[in-house]
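Fold the following and give me the result.
(one chain, ligands or ions: 1)
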Amino acid sequence: MTFQPRGIEHDHEIDLNGALDFINTLDLDDGVLVENFHEPADAAAWFLDHHLIHPHDGPAWTPADLEHARAVRSALRDVVDSVVLDRAPAAESLRVVNETLELGPRPHLDLDGETVRIGHRHVASPASEALVPIAHAIVAELASGRPDRFRICANDRCQWTFFDASPTGRRRWCDMKTCGNRAKAARHRARARAHDASPAPASEPRPT
Ligand SMILES: [Zn+2]
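Numbers count the residues shown, from 1 in each chain. Predicted coordinates for the structure are as follows:
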């Protein structure tokens, strides 16, 4: 009797940063809440880009799939926020995350002549199944990673979630080039305003 894996055609995975990117698809863009998933096709395109669905599954995404993806996204956001802000998540968020974790494919053995093929059995639609690795990545970090390194960008007008993998664990911004520089620029403007507000020296005669 031989045992053979069936292949890796459904080996859809995402890393923690990808999972946090998913959360950030409901996005504060310079203080304005931006929904990146307007239509089912927007969400399907994101999942396709991240290799979580097959190209032929994309067009099948329904408005219900979109609502489901948004609900899981907000539940995961609540869980990450609860860790960063040291508060309890909503019970409903935990229910949604737990429900998501149960939608993954189950290992399954099939007898094929003298060979047992090790495959899997799907219990959910491709759209629902695509959410599972995302929830897994977040929960795995909570369970056995460094949940104290979850962060919310210190830029109030951004608030992206990110994972601080820096050696010192003191990263404050999702991206130094954008939010970090913006914060520096804001401090610079504040200093400049404070300087402008101070009593002006006697004005020089204008050059003519
Ligand atoms: Zn940011």
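
count of residues packed around Gly18?
By other Cβ atoms under 10 Å, the residues close to Gly18 number 16. Every C-beta, even on glycine, is put in place using the N, C-alpha and C of the backbone.

Sorry, slip of the keys, the one I care about is Pro63.
Neighbour count for Pro63, taken as other Cβ under 10 Å: 9.

nearest spatial neighbour of it, skipping sequence neighbours?
Counting by Cβ to Cβ, 6 or more residues apart in numbering, Pro63 lies nearest to Pro40, which is 5.9 Å off, once chain neighbours are set aside.

from memory that neighbour sits against Pro59, does it?
No. Using Cβ atoms under 8 Å, Pro40 makes no contact with Pro59, being 9.1 Å away.

Tell me which of the two has more neighbours.
Under the criterion of other Cβ under 10 Å, the comparison of Pro40 against Pro59 puts Pro40 first, with 20 against 9.

Enumerate every residue touching the residue nearest to Pro63.
Residues in contact with Pro40 (Cβ atoms under 8 Å, 6 or more residues apart in numbering) are Trp61, Thr62, Pro63, Asp65, Leu66.

And those residues, which of them are buried?
Among these, those buried by neighbour count (16 or more other Cβ atoms under 10 Å) are Trp61, Asp65, Leu66.

pLDDT wise, what is the residue nearest to Pro63 at?
As predicted, Pro40 sits at a pLDDT of 96.
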